[in-house]
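1. Could you look at this predicted model? Sequence included:
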Amino acid sequence: MSAWPHIVWLELVDQQITPVTFRGLFAALRHCPHLHWLQISTDTVNIDIDPDTESFQHTALQQLILRPSDLADGEAVARIIFSMLPCVDRVLYSVYPELYSWHEVNRHLESFRSSPVTGHYITGVPSEI
């Protein structure tokens, strides 16, 4: 665990690993402040976090690749990512990220970024209106 603060790239994918919940993911990210790239299996059906009440933001993560999983509410997942991972501009899935994208979540992420009300969260500074 002492190496966690130094991790910049992490891939945790195995068919036998139980997908991590968002609460578990963000608990781990608190220990990895320099993580830029993450590929992981995430439980996107059982959403156990509310981005409106959580104050955590991981501002180093730029590339998020989720192993294919069911998606119950793409907008809720996008809101979590948008609020808590402000440098992630799209979510990829599969081993070949250039071939597959998570279209519904990414569409919502784009919508949130282009909104004049929420767009300022992307850079962390007020946007010009």
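-> Yep, it's here.
2. Other residues contacting stretch 12-21?
-> Residues outside stretch 12-21 that contact it (CB atoms under 8 Å, 6 or more residues apart in numbering): Ala28, Gln39, Ile40, Ser41, Thr42, Asp43, Asn46, Asp48, Ile49, Arg67, Ser69, Val95. The C-beta positions use only the backbone N, C-alpha and C, and glycine is treated the same way.
3. how far out from the middle of the chain is whichever helix or strand Glu110 is part of?
-> Per DSSP states H and E, Glu110 falls inside helix 103-114. Its chain's C-alpha centre and that of helix 103-114 lie 13 Å apart, by CA atoms, centre = their mean, to the nearest Å.
4. Might you report the residue contacts of the residue nearest the centre of the chain?
-> Central residue of the chain (CA atoms, centre = their mean): Ile81, 4.2 Å from the mean position. The contact partners of Ile81, taken as CB under 8 Å, 6+ apart, are Leu64, Val88, Val91, Val105, Leu109.
5. now Trp4
-> Trp4 makes contact with Ala28, His31, Cys32, according to CB under 8 Å, 6+ apart.
6. From those residues, list the buried ones, please.
-> Neighbour counting by 16 or more other CB atoms under 10 Å classes Ala28, Cys32 among the contacts of Trp4 as buried.
7. What is the nearest of the contacts of Trp4 to Ile7?
-> Of all the contacts of Trp4, Cys32 has the smallest distance to Ile7: 5.0 Å, by CB to CB.
8. The lowest-mean-pLDDT helix or strand in the chain packs against which elements?
-> Lowest mean confidence among the helices and strands of the chain (mean pLDDT, DSSP states H and E): strand 91-93, at a mean of 83. Applying 3 or more CB pairs under 8 Å, 6 or more residues apart in numbering; DSSP states H and E, one finds that strand 91-93 contacts strand 63-66, helix 103-114.
9. between the ones you listed, which gets nearest to Phe22?
-> strand 63-66 (11.0 Å).
10. surely Ile47 meets Phe22?
-> Yes: counting by CB atoms under 8 Å, Phe22 is a contact partner of Ile47 at 6.3 Å.
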